[in-house]
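[1] Starting from these lines, generate the structure:
(one chain, ligands or ions: 2)
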Amino acid sequence: MSRTIATMKNDSYVRDLSHEIKEMAKKKNAVILAHNYQIAEIQDVADFVGDSLGLSQQAAKTDADTIVFCGVHFMAETAAILCPEKRVLIPDLEAGCSLAASIDLDQLKAWKTEHPDAVVVSYVNTTAAIKAETDYCCTSGNALKVVQSIPEDKEILFLPDQFLGSWCQKMTGRRNIHIWMGECHVHASVHPRKIDEMTQEHPKAELLIHPECGCLTPYLDRVCRTQGNTDSLKVASTEGMIRRASESDAKEFVVATEIGILHRLKKENPDKTFYPIDNEMSCQFMKMITLEKLHQSLQKDVFQVTVPEDIRVRALTSIERMINIF
Ligand code: 13P
Ligand code: SF4
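    Numbering: from 1, shown residues only. Ligands and ions are numbered 1, 2, ... in the order given. The predicted structure is shown next:
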C-alpha cells in the first residue's frame with residue numbers, strides 16, 4: 001500500500017547515484033554492459049543488458065573507449081579478448097564463476113592428450129587460458145549449432161558444463177561427444193521435483209529452462225522428441241527466455257534460471273506473470289556488483305581486466321570461429 005519513507009529515500013538515493021553514473025560514463029565515453037542476472041538497479045543504469053553472446057557482440061561493436069562490464073570475470077575477459085584497444089573494467093574483481101572454475105589448464109591439456117584428434121568446444125563460461133586451448137567457443141544460445149557444425153565423424157571434447165553438454169549430445173544424437181563433469185552451483189542445485197511441483201501448481205504456465213539446469217535431465221527425452229519445440233517447455237539462454245516470453249501467447253511462465261532475469265521479464269511483459277522455479281536461485285558472484293562499486297569503477301578506472309597478448313590471440317580464434325558459424 002503506502003510506500004514507507006525509508007523506501008522513498010532509497011528510491012531517491014538510487015536515482016541520484018544512477019544519474020551520476022550515467023553522467024560519468026558519458027564524460028568518459030564509457031559503455032555499461034550488464035548481464036541479465038545483475039541486480040535491478042544495475043540493469044536499469046546499463047546501456048545494454050543481455051546474455052553472454054549478446055554482450056560480447058555489443059563489446060565487439062562499441063566505439064566507446066571504456067567498457068564497464070557488470071557481470072562476472074570471464075565475461076569481462078571475453079570483452080578484453082574482443083577489444084584489445086579498449087579499457088575493460090569490472091566493478092568487483094572477486095566476481096567469479098563456479099562453472100568457469102570447474103576446469104583448469106592442466107586438466108584440459110591432460111584431457112586433450114587422451115583424445116588427440118578431438119575438437120574442443122568450450123562454453124563461454126571459461127577462463128581466457130582455457131579458451132586459448134579451445135577450437136570453438138560457444139554460449140548457451142548457440143551451443144547446439146556449434147556442435148552441429150562439426151563434422152559427424154569428429155570426436156568432440158565438450159566443456160565444462162555437463163548439463164549443457166548432455167543436452168547437445170541428446171539433441172544431436174552424437175555418440176562421440178565427451179563431456180566434462182563441471183557444473184554451475186546455482187543451476188545444478190534445482191531438483192527435478194521442483195519442476196513437477198511448479199508445473200502442477202501453475203498448469204497453464206509455459207516452462208522456460210536454462211540448459212545449465214540439472215533439473216533438465218528428466219526432460220531431455222521429451223525435449224529431444226520435439227527438437228525443443230514443445231509449446232509448454234522451452235530450453236533457452238537468458239536472452240532466448242526474454243524473446244520467448246514476449247513472443248509466446250502464454251500469460252504465465254515458470255522460469256528455471258537465476259532470479260535476476262525476472263526483473264527484465266516483468267519489466268518487458270507487464271501483462272504476464274513469472275514464477276521463479278526457486279527463489280533461492282541466486283548467483284552470489286553476479287550479485288557482487290552494486291551501484292556503489294559501479295560508481296567507484298568509473299571514478300577510479302578500476303578494476304582493469306587484461307589478457308596477455310599470446311593468450312588473447314589464441315582465445316580470439318575460438319570466439320571468432322563461433323561467431324563465423326552464424
Ligand atoms: P547466458 O549466456 O544464457 O546468459 O548464461 C550465462 C550464465 O552465466 C548462465 O549461468
Ligand atoms: Fe557462473 Fe552459475 Fe553464476 Fe552463471 S549463475 S555466472 S554459471 S556461477
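[2] buried residues in the helix or strand bottoming out on mean pLDDT in the chain?
    Using mean pLDDT, DSSP states H and E, helix 220-225 stands out as the lowest-scoring helix or strand of the chain, at a mean of 71. Neighbour counts over helix 220-225 (16 or more other CB atoms under 10 Å) mark 220, 223 as buried. Placement of C-beta: from N, CA and C, glycine included.
[3] Who are the packing partners of that helix?
    If you count contacts as 3 or more CB pairs under 8 Å, 6 or more residues apart in numbering; DSSP states H and E, helix 220-225 packs onto helix 162-172, strand 233-235.
[4] and the closest residue to ligand 2 within the stretch 201-326 of the chain, how many residues sit next to it?
    Using CB to the nearest ligand atom, the single residue of the stretch 201-326 of the chain nearest to ligand 2 is residue 283, 3.3 Å away. Using other CB atoms under 10 Å, residue 283 has 22 other residues around it.
[5] ok, now residue 189?
    There are 15 residues near residue 189, going by other CB under 10 Å.
[6] Same check on residue 275?
    As a burial measure, residue 275 scores 17 neighbours (other CB under 10 Å).
[7] Check whether it really touches residue 202, as I assumed.
    Yes: applying CB atoms under 8 Å, one finds residue 275 in contact with residue 202, separated by 5.9 Å.
[8] where do the contact lists of those two overlap?
    252, 254 (CB atoms under 8 Å, 6 or more residues apart in numbering).
[9] Do you know the pLDDT at residue 66?
    Looking at residue 66, its pLDDT reads 97.
[10] Assign residue 274 to helix, strand or coil.
    strand (DSSP: H, G, I helix; E, B strand; the rest coil).
[11] interface residues of the stretch 51-200 of the chain facing ligand 2?
    Neighbours of ligand 2 within the stretch 51-200 of the chain, by CB under 6 Å from any ligand atom: 72, 97-99, 125, 184, 186-187.
[12] Take those and lay them out in CSV including distance to residue 154 and secondary structure.
    Output for those, formatted as CSV (distance: CB to CB, whole Å; DSSP: H, G, I helix; E, B strand; the rest coil):
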residue, distance to residue 154, secondary structure
72, 31, coil
97, 28, coil
98, 29, coil
99, 25, coil
125, 23, coil
184, 27, coil
186, 32, helix
187, 28, helix
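[13] what about the stretch 1-150 of the chain, any weak spots by pLDDT?
    Residue ranges of the stretch 1-150 of the chain with pLDDT under 70: 1-9.
[14] Helices along that one, start to end?
    Using DSSP state H, counting those that start in this stretch, the helices of the stretch 1-150 of the chain run over 5-27, 40-45, 52-61, 73-82, 105-114, 128-132, 143-148.
[15] any idea which of the ones you listed is most buried?
    Among the helices of the stretch 1-150 of the chain, the stretch with the highest mean neighbour count (mean count of other CB atoms under 10 Å) is helix 73-82, at a mean of 26.
[16] which residues are in contact with it?
    33, 35, 52, 55-56, 59-60, 67, 69, 86, 88-90, 93, 95-97, 100, 124-128, 131, 305-307, 312, 315-316, 319.
[17] Which ones, among the residues you listed, also lie beside ligand 1?
    Taking CB under 6 Å from any ligand atom as the test, ligand 1 is in contact with 52, 125 out of the contacts of helix 73-82.
[18] Can I have the buried ones of the contacts of helix 73-82 as a PyMOL selection?
    This is how PyMOL selects the buried members of those, with burial counted by 16+ other CB under 10 Å:
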select buried, resi 33+35+52+55+56+59+67+69+86+88+89+90+95+96+97+100+124+125+126+127+128+131+305+307+312+315+316+319
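[19] and the stretch 51-200 of the chain, which residues reach ligand 1?
    Contacts of the stretch 51-200 of the chain with ligand 1, taken as CB under 6 Å from any ligand atom, map to 51-52, 125, 139-140, 184.
[20] change it to 5 Å
    Residues of the stretch 51-200 of the chain lying near ligand 1 by CB under 5 Å from any ligand atom: 51-52, 139-140.
[21] one step back: mind listing which of the contacts of helix 73-82 are in strands?
    33, 35, 67, 69, 88-89 (DSSP state E).
[22] CSV please, covering those and showing distance to residue 219.
    Output for these, formatted as CSV (distance: CB to CB, whole Å):
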residue, distance to residue 219
33, 32
35, 25
67, 37
69, 33
88, 37
89, 39
